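In: Please work out how this folds:
(one chain, ligands or ions: 1)
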Amino acid sequence: MSGELELQDRRIILGLSGGIACYKAAELARELVRAGASVQVVMTEAATQFITPVTMQALSGHAVVTSQWDAREPNNMAHINLSREADAILVAPASADFMAQLAQGRADELLALLCLARPAERCALLLAPAMNREMWAHPATQRNVAQARADGATVLGPAAGDQACGEIGNGRMLEALELRDELVAFFQPKRLAGRSVLVTAGPTFEAIDPVRGVTNHSSGKMGFAFARAAAEAGAQVTLVAGPVHLATPRHVCRIDVTSARQMHDAVLPLAPRHDIFVATAAVADWRPASAGEQKLKKDGSGRAPSLELVENPDILAAVARLPVQQRPWCVGFAAESHDLVRHAREKLQRKGIPLIVGNLGPATFGRDDNQLVLVDARGETELPAASKIALARQLVQVIAERWEPHPR
Ligand code: CTP
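Out: Sure thing, here's the model as predicted:
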């Protein structure tokens, strides 16, 4: 990261209702603080049975509030004071009982009272349900969750998996890092809402034999950051990834491939179903003409086998050549070692695309930061050095402003 914090200056009320998942709220508080948020913890009576306010105070850096009768509030109106100062209330865990209270507009405890008293237009309410799978599946819970949603709450999860009760099913609270990412995404402008975006990322690997191959140093980080930023902006995102060890961003549909031809064959049928195509992959330009089925062995002569290479299909150019009704709006990347703008402009013309993003390849591979120059018919725009996710969000903004739908 280049210094910027993803929740800088955000004021978050972290609400805990009763449930085993309270243990995850400790890590969540820590992650939110690390991301730059100011975190005020509010706990229900039941939550204090699962984790102590002392722990939550230490991790959040603020005294925990548990009662509407808290005499520390000079006007004795904790529910008003707290909700007027917050950008969002995140209830994690949100128990079945807590959501029943919300659905009915009850205010038996401070946390529910706070949710009811919040100014909904400037203080969002996010719920991270956590409960046994039968409780989650119960029609009463589903009714309450639907009601909370209809009343403006955003519901995060729950996930499926092993449960504290020993059963397996739907109802697990999302993990702390997932909830942090959901909160970060929540605050991003929805510039690509209703749009679909197809992204290629990472290197490709071209087999020489079953154990060796030709590849490059692309880490996939810029492409994964772009896929994440597009999903945060509300797009439906498909990510076709070469061999990389990166976690799939939330709400992104990922297809793993190895070689350039596999990437080509995955992308071409998908392209006409997407509005925008962003080719960040460092596709190998050539592949061995024939990959040996068995491992090549030294023959003792001291001579290396000669490797005949053939050119791979150009995926971006192939998408850009699709008939206009099937063609998404195409964005290319140019990773160059020198003369960045000149090469980028040549590629813009050669590939017949409306926008190309240039970066200095060797200097950026594997790093968490980058700097970009956007080249299109209008001219050049520099995006100065920043983290790849910050640059990806800027690129999303530019694409949202410049893309034009083709007639379908
Ligand atoms: N690209 C692609 N398929 C290929 C090669 C490149 O889709 N077989 C895409 C990349 O994802 C990138 C853009 O084309 O968006 C530019 O790729 P690059 O390899 O830098 O350019 P080349 O066209 O290969 O030109 P050169 O080798 O001269 O740099």
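In: Can you check the pLDDT for the residue of the stretch 101-250 of the chain found nearest the ligand?
Out: Going by CB to the nearest ligand atom, the ligand is nearest to residue 200 of the stretch 101-250 of the chain, at 5.7 Å. Any C-beta I mention is one placed from the backbone N, CA and C, and that applies to glycine too. Residue 200 carries a pLDDT value of 98.
In: Contacts only, for it.
Out: Going by CB atoms under 8 Å, 6 or more residues apart in numbering, residue 200 touches 223, 239-242, 263, 267, 278-281, 283, 315.
In: again, but for residue 171
Out: Residues near residue 171 by CB under 8 Å, 6+ apart: 129, 130, 131, 132, 133, 135, 136, 137, 158, 160, 163.
In: Leaving out chain neighbours, which residue sits closest to it?
Out: Once flanking residues are discounted, residue 171 sits nearest to residue 136: 3.8 Å by CB to CB, 6 or more residues apart in numbering.
In: Residue 78 now?
Out: Computed as CB to CB, 6+ apart, the closest residue to residue 78 that is not its neighbour in sequence is residue 70, at 5.2 Å.
In: residues from the stretch 151-300 of the chain in reach of the ligand?
Out: Taking CB under 6 Å from any ligand atom as the contact definition, the stretch 151-300 of the chain meets the ligand at 200, 260, 279, 281, 283, 285.
In: Just the ones in strands from those, please.
Out: Cross-referencing those against strands under DSSP state E gives 200, 279.
In: my guess is residue 248 meets residue 238, correct?
Out: No. Counting by CB atoms under 8 Å, residue 248 does not reach residue 238; the two are 11.3 Å apart.
In: Now for the two: what residues contact both?
Out: Residues touching both residue 248 and residue 238 (CB under 8 Å, 6+ apart): residue 254.
In: picking up where we left off before, for the residue nearest to residue 78, what are its contacts?
Out: Contacts for residue 70 were tallied using CB under 8 Å, 6+ apart; they are 76, 78, 110.
In: ditto for residue 30
Out: Contacts for residue 30 were tallied using CB under 8 Å, 6+ apart; they are 59, 176.
In: Closest to residue 22 out of the contacts of residue 70?
Out: Nearest to residue 22, judged by CB to CB, of the contacts of residue 70 is residue 110 at 16.2 Å.
In: Check what pLDDT residue 338 gets.
Out: 87.
In: cool, and the one 4 residues further on?
Out: Reported pLDDT at residue 342 in the predicted model: 93.
In: Then residue 3?
Out: Looking at residue 3, its pLDDT reads 55.
In: how far out from the middle of the chain is the worst-scoring helix or strand of the chain on mean pLDDT?
Out: Lowest by mean pLDDT, DSSP states H and E among the helices and strands of the chain is helix 361-364, with a mean of 72. Here the centre of helix 361-364 is set off from its chain's centre by 23 Å, with CA atoms, centre = their mean, to the nearest Å.
In: Start at 30, not 1
Out: Got it, the first residue is 30 from now on, which makes the last one we talked about helix 390-393.
In: okay, the residue with the largest distance to the centre of the chain: pLDDT?
Out: Distance from the centre of the chain peaks at residue 330, with 52.6 Å (CA atoms, centre = their mean). pLDDT, residue 330: 90.
In: hang on, it is in a helix, isn't it?
Out: No. Per DSSP: H, G, I helix; E, B strand; the rest coil, residue 330 lies outside any helix segment and is coil.
In: So it versus the ligand, what's the distance?
Out: Look at residue 330 and the ligand: by CB to the nearest ligand atom, to the nearest Å, they are 34 Å apart.
In: again with residue 322
Out: Distance of residue 322 to the ligand, computed by CB to the nearest ligand atom: 25 Å.
In: same question, residue 107
Out: To the ligand, residue 107 is 54 Å away according to CB to the nearest ligand atom.
In: the more surrounded of residue 277 and residue 267?
Out: In terms of neighbours (other CB atoms under 10 Å), residue 267 is the more surrounded of residue 277 and residue 267; the figures are 22 against 14.
In: and the host helix or strand of the more buried one, which strands flank it?
Out: Using DSSP states H and E, residue 267 sits in strand 265-270. The strands beside strand 265-270 in its sheet (DSSP bridges) come out as strand 225-230 (parallel), strand 281-285 (parallel).
In: Tell me the buried residues in stretch 421-434?
Out: The neighbour-count check on stretch 421-434 (16 or more other CB atoms under 10 Å) flags 421, 422, 423, 424, 425, 427, 428, 429, 432 as buried.
In: Show which residues not belonging to the least confident helix or strand of the chain make contact with it.
Out: The contact list for helix 390-393 (CB under 8 Å, 6+ apart) reads 246, 251, 311, 364, 365, 366, 399, 400.
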